[in-house]
Each structure stands twice: as C-alpha cells, then as structure tokens.
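J.: How does the following fold in three dimensions:
(one chain, ligands or ions: 1)
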Amino acid sequence: MIKLKENEQYKIVCGDCFEALKQLPDASVDLILTDPPYNLANYSTGNMKFDWRAEINNDVAEWDEKPLDPASLLPEFKRVLKPTGNIFIFCSYNLLGDYHKVFDPEFDTFQFMAWHKTNPVPNIRKSSFLNSVELIVCCWNKGHTWNFSKQNEMHNFIESPICMGKERIKNKEGKNAHPTQKPVRILEHIIKIASNENDVVLDCFMGVGSTAEAALKLNRKFIGVELDPEYVELTKKRLDL
Ligand SMILES: C[S@@+](CC[C@H](N)C(=O)[O-])C[C@H]1O[C@@H](n2cnc3c(N)ncnc32)[C@H](O)[C@@H]1O
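T.: Prediction:
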C-alpha cells in the first residue's frame, strides 16, 4: 500500500504507475497534477540537422514511443481522487479530444488551460507555426477545492518560458536531463489554485520531479511515480532527499 503516514511529507516510487496507482487507497489524493507521455511518435521528423549550426533537438523521447491511451488513466484517477479533488494533466494537441471523450462524461466540469511558451524552439526553416502552446486538461466535481480571490487570477492562459539556465536539471554529462521538464512557476500556480496546505498532490509521471519541488515548497504532501531510475535519482538529488 502506498500511503503517507501522518508526519510524512512525500513518497517517491520508482516503477510503473499503472501498478503503483493500484496500491493507493480510495479517495486519498487531493490533486492529481501530472504530465503523461504525449503520443507524438507518429509526428516526429527527428532532430533537425544543418550544415551551418548545431542540430536542434526535435526527436521523440524514448518514453514517448509507447502509446498512451487517456482512457487507461481514468479508472484509477477516479478511484484515488477525493470528492473534493482536482485533476490537471499536461496534454499535447493530438490527445485533447481523447481526454475530453473519456474524462468529460465522468466529471462535473472539463476545461483546459493553455500555456504559452515565450521561448519556443525556433522553426529555422520558417515552414510552419512554432510549437509555442501546450495544453493542460483540468477536471473536477462539484465541491472541489478552489482558491482564488480575483477573476483575473483565473484566466485559462498562462505565460512562461520553457525551463532554461539554472532551473534546468542536468545529467551526469552536464546535459539537460529531461526533454520536457516543466517550469515550477506554472506548477505552483496550479497547486495554489487547486489545493490547500497539507493536501496530497500526486504526479504519477514524475520525470525529474518538477511537481514535487512545487508541492513541497507550498507545504503540500507529495506522491510521485517515475519509471526511469535515473530521473528518480535526479529528483531525489534536486529535492535534497
Ligand atoms: C512528460 S514526462 C514528465 C516530465 C515532468 N513533468 C518533469 O517536469 O520532469 C513523462 C514521464 O513519464 C515517465 N513515464 C512514462 N511511462 C510511465 C509509467 N508507465 N509509469 C511511470 N512513469 C512513466 C517517463 O519516463 C517521463 O519521465
């Protein structure tokens, strides 16, 4: 059983979240804030190579090669979420319809937020739009936790650069450790709106622990699951655990 004791702040599990979720008690999580694979393998054209500059990383991460069906997340998410809970899921454009189809009928409200990346990867060939927007699916039932004082805190649009510089977690070789590390600023914004202090935040596709950092900073409890042991180690190092 994966359960936080009274005085425990976090649990980090290295493993497959579809197994780990089964070990969480019913109605034990206040906020699911997570960033699953995006099913982008079919759309990738690989890294962009040039004679005159370094190649641009546009390849699909290894963990994104295995398709993820949003429907497979629904049963355990519904079971572990408290009636007062909220769900926020980072989502690529190609999966928005799939999330809507399965999550909307099961919750009182289904909405999405748009994150505008102010420093997107450039399109050197100038052949299309920049990928400067990422979506975040959100849903909840009546009676869910909601903290805001003014309407202008509640635009479903947020702007922030993608992680750069010191925020970017590096691997042993000194390279960016995770291709889709999320900015803590965005995660904090969501956690503040959608949970209270001491609430339990779950990120079952934890990566290098960005949600963990935001949750613990805001005095929430945290449960994280990640398949890749290297990302788990980097999370522990990042959080000084
Ligand atoms: C989009 S990334 C999350 C990045 C994270 N938000 C961050 O800021 O570091 C998705 C993560 O899910 C992990 N993953 C994929 N399938 C998984 C599974 N079945 N169980 C647990 N983790 C999984 C991948 O290894 C990857 O690190």
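J.: Number of residues surrounding residue 32?
T.: 25 (other Cβ atoms under 10 Å). Every residue, glycine included, has its C-beta placed from N, CA and C.
J.: Tell me the helix or strand right after the strand or helix carrying it.
T.: Using DSSP states H and E, residue 32 maps to strand 29-34. Toward the C-terminus, strand 29-34 is succeeded by helix 74-80 as the next helix or strand (DSSP H and E).
J.: so what strands line up beside whatever helix or strand comes next after that following helix?
T.: Where DSSP H and E defines the elements, the next helix or strand beyond helix 74-80 is strand 81-91. Sheet pairing of strand 81-91 (DSSP bridges) gives strand 29-34 (parallel), strand 133-140 (antiparallel).
J.: Just the C-alpha atoms of strand 81-91, please, in PDB.
T.: C-alpha atoms of strand 81-91 as PDB (Å, rounded to 0.1, in the frame of the first residue of the first chain):
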ATOM      1  CA  LEU A  81      -9.200  11.200  -6.100                       C
ATOM      2  CA  LYS A  82     -11.100  12.600  -3.200                       C
ATOM      3  CA  PRO A  83     -14.600  14.000  -4.000                       C
ATOM      4  CA  THR A  84     -13.100  17.500  -3.300                       C
ATOM      5  CA  GLY A  85     -10.200  16.800  -5.600                       C
ATOM      6  CA  ASN A  86      -9.000  18.300  -8.900                       C
ATOM      7  CA  ILE A  87      -7.100  16.800 -11.900                       C
ATOM      8  CA  PHE A  88      -4.700  18.700 -14.100                       C
ATOM      9  CA  ILE A  89      -3.000  16.900 -16.900                       C
ATOM     10  CA  PHE A  90      -0.400  18.300 -19.400                       C
ATOM     11  CA  CYS A  91      -1.600  17.300 -22.800                       C
END
